[in-house]
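*Asks:* for reference, the sequence and a predicted model appear below.
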Amino acid sequence: MKFNPLSLFPFSVLNHNPWTTELTPVLKEYDYVVIGGGIAGLTVASRLSENPAVTVAVLEVGSNVEDLPEVYIPGLIGFGQSFTTLNWAYGTVPQPELGGRKAVINAGKALGGGSIINSMIFPRAEKGQYDAWGELNNHDPNWTWDSLLHYFKKSEILTPPNEDQVAEGVKYVRDVHGTSQEEGRVKVGFPNYFYPQSKMWHAASGFALSPDLSAGHPQGTVGISINSLDAKNNTRCSSVCAYYTPFSDRPNLTMLTEVLVTRILWEQPQIPASPGAAIVNASIVGPPRIKAVGVEFTHTNNAHGQRDQVYVGKEVVVAAGAIGSPKVLELSGVGNATILKAAGVDQVLDLPTVGENLADHVHSWANSFTNASVTRDLLRSDPTFEAEQRALWYHNRTGVLSACPRSLGIAAASDLFPKSQLASLVNDAKRDLAHYASLFSNGNANLAKGIQAQHEIALKFWEEDKIAPVEINLEPGYSGPTALADRPHDKKYTSINAVLFAPLSRGRTHIRSSDPSELAAIDPAYYAHPLDLATHVKSIQLGREMLRTPPLDEIYLGENEPGENVKTEEELTRWARAVSGSDNHVIGSLAMMPEELGGVVDTRLRLYGARNVRVVDASIIPFPISAHLASTVYAVAERAADFIKEDSTKHL
């Protein structure tokens, strides 16, 4: 059924009525409107537009930056505009357990989203962690490792390692990777430059060599991560490269960049039973009663801020990320009545856990001075070296700029704690299970049940030593909390990154006002659960020890950070609180869980209480996973695209 834009009432800027508009609408309707052109949004849009009979529009606030060297040259990650204009750089609210500091969460602000600025690391988590998604959702078989493996493989085209790469330690299991040139999309492979420090660290780590960090059992192993890299010409392959550029000439695929979504437009509602009553309650038994009819947006390059609309015939797909997607829904009147009222937004759908259940990986460091001949520090400290390497890359795609070095080790809980201490920590967490579930639920009884269910699964993994709580990885250069301007420019470094992968803490993100240009308030609640802090401190200590362990000790010239004056566990804990921050892997803020557990979307990723709105991005992931997120988000989006195709013939 075609939507008639004249069914909307006149719009008043003063009262922000979410049902009406006075602006002349763009008289254009698409079958699907996708909000967000990042990893998930481009994946879904590309797959849906494979059918020439449907029309798809993507609305993305950033621009297409595929032609920037810091985007397509692997070794320039972190240079140029990577973490300035191409980065949302979301600031958190002050974090009590970080000494009141505000942290920064990096997220791509460009077509391609995080795949434009991330480190191209492309492994997968433990099988059991994906199975936990299904367990939390009444054992839904669509959300398990076995069911998702098809979509992991469908999303990628692997270039197998060559003899030189194998000699450097690259391993892979062919059966768990996608190789189809016809069906696959993200070009993945291995770099052609390897720092000697990385191989030395493999030995120093004490972990077993991984047969493949993507095969579902990375815990307790070390290996060279597969990258989202076109190994044939050593360039980054972002979601733009994979899902948009090869198909940009499709007449049924429209890309609108540099547009900021202000809200979803809804079909004219029923009149509330009483003044101030919620228009729709998601828990009402029977058919859902609100329907999206379009999306409103502004052009970011228009100083007047004029609002335009596109209309939707079938579905709106919200894919703005774990921070952006809750913001879009709340600006559209979907969420907690108290939060919406405080922000000046009229409630349309009572869904109180929008923006809740947020989790993030936490990052910290240990680094030392080194006498290694080549480190990434030289790219910043030696202009001649940087120019030579850039020329080499352009000449034949070799040298340090042809690679983003990432050797990864996934520690087990037993690698961090003595058996007795581990048992004591887990018992304490089990004893306090209900307390922390309630604390993190923000007063929502259903969500408290959902968080408790998550913690029960996690603590079972802890007891079985299958939680994969921490990633340890080596950076052949400086990685740490000190800004470039504040550290010696004549020094070279070896760094160990320690990433808390299995946080029990849960936070939230919510809008502060009805102004779409204002960033949301973000509270990841870092270290709010004592097991998180204890685990992360142990991992930092493990990193410090590795730097001094043979054969890495051969290039060790003394610890730089935390520093020789940090000796005891108490002192290291204070240091962690003073410097740790986000690893930029935010999930869970629109969790895929049953409503009775505080979920926001069902197992087909449909928004509870809405007829035709789906959420497809990291926000739906209900349970933290022990891996970088990119490959998983691609798989989720591929799974969602099939759901949408299957549901397209059903009455909405």
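*Replies:* Done, it's in. The model shown is predicted, which means the values in this text are computed figures rather than measured ones. Residues are numbered from 1 along each chain as shown.
*Asks:* which stretches of the stretch 51-200 of the chain form helices?
*Replies:* Under the criterion DSSP state H, counting those that start in this stretch, helices of the stretch 51-200 of the chain are mapped to 69-72, 127-136, 145-154, 163-167, 196-205.
*Asks:* quick check: which of those helices is buried the most?
*Replies:* Of all the helices of the stretch 51-200 of the chain, helix 127-136 has the most neighbours on average by mean count of other C-beta atoms under 10 Å, namely a mean of 22. Yep, even glycine has a C-beta here, placed from its N, CA and C like the rest.
*Asks:* what's the neighbour count on Val633?
*Replies:* Close neighbours of Val633, defined as other C-beta atoms under 10 Å, add up to 28.
*Asks:* what's the helix or strand for it?
*Replies:* helix 630-647 (DSSP states H and E).
*Asks:* what comes up buried for that helix?
*Replies:* Across helix 630-647, burial judged by 16 or more other C-beta atoms under 10 Å covers 630-641, 643-644, 647.
*Asks:* need the residue closest to the centroid of this structure.
*Replies:* Closest residue to the average C-alpha location of the chain: His585 at 4.1 Å, with C-alpha atoms, centre = their mean.
*Asks:* what residues are up against it?
*Replies:* Neighbour list for His585: 360-361, 618, 628-629 [criterion: C-beta atoms under 8 Å, 6 or more residues apart in numbering].
*Asks:* if you set the cut-off to 7 Å instead, what comes out?
*Replies:* Residues near His585 by C-beta atoms under 7 Å, 6 or more residues apart in numbering: 360-361, 628-629.
*Asks:* now, these that are in helices?
*Replies:* Among the contacts of His585, DSSP state H puts none in helices.
*Asks:* element containing the residue nearest to the centre of the chain, please.
*Replies:* Short version, using DSSP H and E: His585 is in no helix or strand.
*Asks:* begin at 11 from now on, thanks
*Replies:* With the count now opening at 11, the last piece we talked about shows up as His595.
*Asks:* for it, give me the pLDDT.
*Replies:* Turning to His595, the model gives it a pLDDT of 98.
*Asks:* how about it, phi and psi?
*Replies:* Phi and psi for His595, reported as degrees, to the nearest 10, are phi -130, psi 70.
*Asks:* separation between it and His638?
*Replies:* His595 is 7 Å from His638, where distance means C-beta to C-beta, to the nearest Å.
*Asks:* over to Asp41?
*Replies:* Taken as C-beta to C-beta, the span from Asp41 to His638 is 33 Å.
*Asks:* okay, these two: which has more neighbours?
*Replies:* With neighbours defined as other C-beta under 10 Å, Asp41 and His638 compare such that His638 has more, 30 against 18.
*Asks:* list the residues that contact the closest residue in space to the more buried one that isn't next to it in sequence.
*Replies:* Spatial nearest neighbour of His638, excluding adjacent residues (C-beta to C-beta, 6 or more residues apart in numbering): Ile131 at 4.4 Å. When contacts are counted by C-beta under 7 Å, 6+ apart, Ile131 touches 235, 237, 416, 638.
*Asks:* look at Ala637 and report its pLDDT.
*Replies:* 98.
*Asks:* isn't it right up against Arg134?
*Replies:* Yes. If you go by C-beta atoms under 7 Å, Ala637 and Arg134 touch, sitting 5.4 Å apart.
*Asks:* just checking, Leu266 is part of a strand?
*Replies:* Yes. Applying DSSP: H, G, I helix; E, B strand; the rest coil, one finds Leu266 inside a strand.
*Asks:* count the neighbours of the residue nearest to it when sequence neighbours are not counted for me.
*Replies:* Counting by C-beta to C-beta, 6+ apart, Leu266 lies nearest to Leu69, which is 5.2 Å off, once chain neighbours are set aside. Per other C-beta under 10 Å, the neighbour tally for Leu69 reads 25.
*Asks:* equivalent analysis for Thr310, please.
*Replies:* When neighbours are defined as other C-beta under 10 Å, Thr310 has 15 of them.
*Asks:* please name the nearest non-neighbouring residue to it.
*Replies:* Counting by C-beta to C-beta, 6+ apart, Thr310 lies nearest to Glu268, which is 4.8 Å off, once chain neighbours are set aside.
*Asks:* what sits against the one you found?
*Replies:* Neighbour list for Glu268: 71, 73, 309-311 [criterion: C-beta under 7 Å, 6+ apart].
*Asks:* those residues: which two are farthest apart?
*Replies:* Ser73 and His309 (11.9 Å; C-beta to C-beta).
*Asks:* contacts only, for the nearest residue to Val623 once chain neighbours are set aside.
*Replies:* In this structure, Val623 finds its nearest non-sequential neighbour in Leu617, 4.3 Å apart by C-beta to C-beta, 6+ apart. By C-beta under 7 Å, 6+ apart, the residues touching Leu617 are 610-611, 623-625.
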